[in-house]
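# build me a model:
(one chain, ligands or ions: 2)
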Amino acid sequence: REAKGKLPRYPGLERWNLVEKMGDGAFSNVYRARDTQGVYNEVAIKVVRKFEMNSTQGDKVLHPDFKKTPKGVERANILKEVQIMRQLDHPNIVKLVEFSEARQYYYIVLELCPGGELFHQIVRLTYFSEDLSRHVIVQVAKALQYMHEEAGVVHRDIKPENLLFYPTPFIPTRNPKPRGPDDEDKADEGEFIKGVGSGGIGLIKVADFGLSKVIWDSQTMTPCGTVGYTAPEIVKDERYSKSVDMWALGCVLYTLLCGFPPFYDESIQVLTEKVAKGQYTFLSPWWDDISKSAQDLVSHLLTVDPDKRYDINQFLDHPWIRESDEVTNAAA
Ligand code: ADP
Ligand code: MG
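Ligands and ions are numbered 1, 2, ... in the order given. Take a look at the predicted model:
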């Protein structure tokens, strides 16, 4: 019965053969799975527990998407995450294949991104060359442009753990050299991405819409609510929520280029203070060989005033991004 290693069997999920566990979180486990009917290629299945047992108390901790009615009846609300994903159709966004539920679980069947998280690639390679960073960040930006300008959705959780990819033999980059004193021993790992077929980064896909939010009605292109009666703070709210993704995009770009995040401190209080003030630096020696153009772009994203921060179109218009034509041509 337990032949499949330690993988559990879920009621109502018989169509899929779970192959391995790919990730786990507070309320969810993600598995790689095969379709027994042979219709789909391999998929990723996010199994979300509707409630969590608090082992010591025996209390049920409800999933945030669960609605508690005044009568105390727990009624399952279709996950907001799924509702939003259903509306999205873009090459740089993970596709929803199917959604179903059992008494205790939601099953979100997703397009599989076989490369896994971008996060692990940063750890593996120490940092990305400017060409590889551009190759990655442009794709994330295209997904955000679609969300912000066409779909009326903000993601609100852009980070390397939620950026997934397809490996490819094509690596649009040169071999990075060690930049800082601690990077010396990682030089060989940097070599690895030079070789064709060594599992480079191809198509990037934005995943995890668990914190995402609808900012306007994509059918009518109007703010949620009655047109003409929309208060200024609603309009501003919409703009600010987009700028949250742009800040995160800046944090990701910074991290790709140098291998560590722009804001860090062991103390949460100190870290929070640094973020609030926008206290970051292009730390030497790690940033010494990174172009001024890249630094200029990062600084326009890591701008504390959301009105001055670049929006998605300003980002894509920046010279450092537009240099990408050169790379694409060189690769062909
Ligand atoms: P959570 O809300 O728990 O963060 P995610 O949707 O981010 O849930 O999924 C958790 C992890 O599972 C991801 O960081 C990634 O490692 C893996 N994962 C999720 N979806 C996929 C997918 N479509 N393809 C490959 N791995 C995935
Ligand atoms: Mg996640």
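# just the helices in this protein please.
For the chain, the helices defined by DSSP state H occupy 80-87, 118-125, 130-145, 187-192, 232-258, 268-277, 292-301, 312-317, 319-322, 324-331.
# any idea which of the ones you listed is most buried?
helix 130-145 (a mean of 22; mean count of other C-beta atoms under 10 Å). C-betas here are computed from N, CA, C, even on glycine.
# is that helix anywhere near ligand 1?
No. Using C-beta under 6 Å from any ligand atom, helix 130-145 never reaches ligand 1; the gap is at least 13.8 Å.
# what helices or strands is that helix leaning on?
strand 163-168, strand 200-206, helix 232-258, helix 312-317, helix 319-322, helix 324-331 (3 or more C-beta pairs under 8 Å, 6 or more residues apart in numbering; DSSP states H and E).
# of all those, which lies closest to ligand 2?
Smallest distance to ligand 2 across the helices and strands packed on helix 130-145 (C-beta to the ion): 9.8 Å, for strand 163-168.
# excluding chain neighbours, what is closest to whichever residue of the stretch 151-300 of the chain sits closest to ligand 2?
Closest contact between the stretch 151-300 of the chain and ligand 2, by C-beta to the ion, is at Asp208 (3.7 Å). Computed as C-beta to C-beta, 6 or more residues apart in numbering, the closest residue to Asp208 that is not its neighbour in sequence is Asn162, at 4.1 Å.
# contacting residues for that neighbour?
117, 206-208 (C-beta atoms under 8 Å, 6 or more residues apart in numbering).
# now it: how far from Ile234?
Relative to Ile234, Asn162 is positioned 27 Å away (C-beta to C-beta, to the nearest Å).
# now swap in Leu249 and tell me
Using C-beta to C-beta, Leu249 is found at 24 Å from Ile234.
# which positions in the protein make contact with ligand 2?
With C-beta under 5 Å from the ion as the criterion, the chain meets ligand 2 at residues 162, 208.
# ok, 8 Å please
Contact residues (C-beta under 8 Å from the ion) of the chain with ligand 2: 23, 25, 157, 159, 161-162, 207-208, 210.
# among those residues, name the buried ones.
157, 159, 161-162, 207-208, 210 (16 or more other C-beta atoms under 10 Å).
# tell me the least confident of these?
By pLDDT, Gly210 ranks lowest within those, coming in at 91.
# residues contacting the residue lying closest to that one once chain neighbours are set aside?
Using C-beta to C-beta, 6+ apart and skipping residues adjacent in sequence, the residue nearest Gly210 is Glu81, 5.0 Å away. With contacts taken as C-beta under 8 Å, 6+ apart, Glu81 has the following neighbours: 65, 108, 209-210, 212.
# mind redoing it with 10 Å?
Contacts for Glu81 (C-beta atoms under 10 Å, 6 or more residues apart in numbering) come out as 28, 46, 48, 65, 96, 99, 106, 108, 208-212.
# what's the closest of the contacts of Asn162 to Gly278?
Val206 (24.6 Å; C-beta to C-beta).
# what about stretch 34-45, start to end distance?
The first and final residues of stretch 34-45 sit 10 Å from each other (C-alpha to C-alpha, to the nearest Å).
# distance from the chain centre to it, please.
The chain centre lies 23 Å from the centre of stretch 34-45; the measure is C-alpha atoms, centre = their mean, to the nearest Å.
# identify the residues contacting it?
With C-beta under 10 Å, 6+ apart as the criterion, stretch 34-45 contacts 10, 13-19, 22-23, 28-33, 94-95, 97-98, 107-114, 116, 164, 207.
# Thr281 reaches Tyr264, doesn't it?
No. Here Thr281 does not reach Tyr264: they are 11.6 Å apart, not a contact under C-beta atoms under 10 Å.
# so which of those two has more stuff around it?
Tyr264 (10 against 7; other C-beta atoms under 10 Å).
# wait, the more buried one sits on Leu271?
Yes. Assessed by C-beta under 10 Å, Tyr264 is found in contact with Leu271 at 6.6 Å.
# how close does Leu110 get to Thr303?
Applying C-beta to C-beta, the value for Leu110 to Thr303 is 34 Å.
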